[in-house]
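Student: Test case, fold it:
(chains A, B, C and D)
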2 protein chains.
Amino acid sequence: MEKTLDFVMRDKRQVILDTALALFRSHGYRAIGVDRILFESGVAKMTLYKYFPSKDALIKSVLEALDKSFRDGLEAFVETFATPEERFGAVFVWHDRWFKSDSFNGCMFINAAAEFPEHGHLVRSTVARHKRHVQAFMASLLASRLEDGERDRLAAQLSLLLDGAIVSAQATGETDAARLAWRAAAILLKAAGIGIEVNPFPAEA
Amino acid sequence: MEKTLDFVMRDKRQVILDTALALFRSHGYRAIGVDRILFESGVAKMTLYKYFPSKDALIKSVLEALDKSFRDGLEAFVETFATPEERFGAVFVWHDRWFKSDSFNGCMFINAAAEFPEHGHLVRSTVARHKRHVQAFMASLLASRLEDGERDRLAAQLSLLLDGAIVSAQATGETDAARLAWRAAAILLKAAGIGIEVNPFPAEA
DNA sequence: TTTGGAATAGACAGACTTGTCTGTATTGTC
DNA sequence: GACAATACAGACAAGTCTGTCTATTCCAAA
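Tutor: Here you go, the predicted model:
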């Protein structure tokens, strides 16, 4: 009977991470106390503090796990498209679906930067690393089509559009932010010599 | 002796607002308690609760005042430039200086949206209104140069770039985010038929 | 069946939170 | 000088927070 009930057997550590992420997403980091996380996850306090030395460390671990699943999800979706042209659009379509999902509440990394402004705070390095990762992924989609400097600049600009779209969707509830960002992205790509004919948003006028 | 000592005489309400803004900016909204605001501003608790019925209401008032001063500052700076071409660039230069100022800690409205995710929270309407105001200002710079629909879309896209730059500067400390956004903005403007020859960032390569 | 590790519940410390309350002091105006 | 408005200090309630502690229970392997 080693693994009969996967749900029960699932690592306590993982249960804590999942529960904490859901609560932090719905209410913010500071608004949620560890007691609430414990209650929702059905775990004892000492268990939490065994795996995570402090609440800040828990938040950092939550963000590290999220960074991985976010990128895995995005990259897996993008790789279902064959051509480079489709893949650019896929990034924005993926964001569009994210914005329209029920649990969407902005970017947890941007939110963390907002809640923990202190420069040396534990979570800040994780936040910065995530943004670098996403930008590097954008650059990888442009790989070998542009000279290095221009490629990195364009990747950074596309990331600017994505982050702006996230913020717009979060702050004003503008659910079409991803589509708007895509239109701008297509113009930037074309100006860099990468013309896109396909429209990744089928219902668009 | 009506107005001899303007500093002392200054409206208690205004002192509270100024102090609260500075503290919220440095540490976040939830991280700062009213006691800290009272201590720093040298005001009694009952005075604060006389002017503001709750901490949430205080935060909302802080944001309303900031919305006004933010837009007044931006618009005043932009209006020191004569030509429409220069004015577009001025928006991004203004943001560049903001990002490089010591007290920069991201956009207080985005931060508020991050800290108060509840849809119906008091501050959310103020946050959304601010973003609409800025976007409307961008649209006003495009006025009569484009057909209405295209103008609003371009204004929204330029706002996306600005918000993305704010987030980038905040989350990763990328101090050149405004310049990067401007380069992208110039391409979008050109594609819309508004060519810009002048370079608002003089030191740029 | 015994043993050891892991998780449990729950109390606890000490500090902090928002908001209310009382009573006193200062202030400008009549 | 008397009056009303304003702000003051500081106690207080009732609840929250993080993190530590003890003592008990479960479970699986030897």
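Student: Only C-alpha atoms from now on, for both contacts and neighbour counts.
Tutor: Fine.
Student: and chain A, what are its domains?
Tutor: As assigned by automatic domain parsing, chain A contains the domains A:9-52, A:56-191.
Student: mind giving me JSON lines with those domains and columns for mean pLDDT and mean neighbour count?
Tutor: Output for the domains of chain A, formatted as JSON lines (pLDDT from 0 to 100; neighbours: other C-alpha atoms under 10 Å in any protein chain shown):
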{"stretch": "domain A:9-52", "mean pLDDT": "90", "mean neighbour count": "16"}
{"stretch": "domain A:56-191", "mean pLDDT": "95", "mean neighbour count": "19"}
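Student: In TSV: these, plus distance to DNA strand C.
Tutor: Output for these, formatted as TSV (distance: least, C-alpha to the nearest atom of the strand, whole Å):
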stretch	distance to DNA strand C
domain A:9-52	4
domain A:56-191	14
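Student: Which among the ones you listed is found nearest to DNA strand D?
Tutor: In terms of C-alpha to the nearest atom of the strand, the element of those nearest to DNA strand D is domain A:9-52, at 3.1 Å.
Student: Is chain B within reach of that closest one?
Tutor: Yes. Figure legend: domain A:9-52 in contact with chain B (C-alpha under 8 Å from any C-alpha of the partner chain); contacting residues A:26-31.
Student: From those residues, pick the one nearest A:Phe104.
Tutor: Using C-alpha to C-alpha, A:Ser26 is the member of the residues of domain A:9-52 next to chain B that sits closest to A:Phe104, with 8.6 Å.
Student: which is the next helix or strand following the helix or strand where the closest one lies?
Tutor: For A:Ser26, the enclosing helix or strand under DSSP states H and E is helix A:12-27. Along the chain past helix A:12-27, the next helix or strand (assigned with DSSP H and E) turns out to be helix A:34-41.
Student: and that next one with helix A:12-27, angle?
Tutor: Angle of helix A:34-41 versus helix A:12-27, following axes from the mean of the first three to the mean of the last three C-alpha atoms, to 10 degrees, is 110 degrees.
Student: Name the surrounding residues that touch helix A:34-41.
Tutor: Residues from elsewhere that reach helix A:34-41, judged by C-alpha atoms under 8 Å, 6 or more residues apart in numbering or on different chains: A:15-16, A:19-20, A:23, A:44-45, A:48, A:55.
Student: what residues are up against the closest residue to A:Ala165 other than its chain neighbours?
Tutor: In space, A:Ala165 comes closest to A:Ala177 once its chain neighbours are excluded; the distance is 4.9 Å by C-alpha to C-alpha, 6 or more residues apart in numbering or on different chains. Residues in contact with A:Ala177 (C-alpha under 8 Å, 6+ apart) are A:96, A:165-166, A:168-169.
Student: same thing but at 7 Å, please
Tutor: When contacts are counted by C-alpha atoms under 7 Å, 6 or more residues apart in numbering or on different chains, A:Ala177 touches A:165, A:168-169.
Student: name the element the residue positioned nearest the centre of chain A belongs to?
Tutor: Compute the mean C-alpha point of chain A, and by C-alpha atoms, centre = their mean the closest residue is A:Phe70, 4.7 Å away. Under the criterion of DSSP H and E, A:Phe70 resides in helix A:55-78.
Student: again with A:Phe104
Tutor: Since the elements are taken from DSSP H and E, A:Phe104 ends up inside neither a helix nor a strand.
Student: and it, what are its phi and psi?
Tutor: For A:Phe104, the backbone dihedrals (degrees, to the nearest 10) come out as phi -60, psi 130.
Student: which element is the residue lying closest to it once chain neighbours are set aside on?
Tutor: Once its chain neighbours are removed from consideration, A:Phe104 has its nearest residue in A:Trp98; the separation is 6.5 Å (C-alpha to C-alpha, 6+ apart). Element membership of A:Trp98, judged by DSSP H and E, is helix A:84-100.
Student: Leaving out sequence neighbours, find the closest residue to the residue in chain A positioned nearest to chain B.
Tutor: Residue of chain A nearest chain B, by C-alpha to the nearest C-alpha: A:Gly164 (3.9 Å). For A:Gly164, the nearest residue in space outside its immediate sequence neighbours is B:Gly164; the separation is 3.9 Å by C-alpha to C-alpha, 6+ apart.
Student: Test my guess that that neighbour contacts A:Asp163.
Tutor: Yes. With contacts defined as C-alpha atoms under 7 Å, B:Gly164 counts as touching A:Asp163 at a distance of 4.8 Å.
Student: Can you name the residues of chain A sitting close to DNA strand D?
Tutor: Selection of chain A residues close to DNA strand D by C-alpha under 7 Å from any atom of the strand yields A:1-2, A:30-36, A:45-46, A:49, A:53-56.
Student: Can the helix or strand encompassing A:Ala113 be said to contact chain B?
Tutor: Under the assignment given by DSSP H and E, the secondary-structure element containing A:Ala113 is helix A:108-115. Yes. Counting by C-alpha under 7 Å from any C-alpha of the partner chain, contacts between helix A:108-115 and chain B involve A:110-111, A:113-115.
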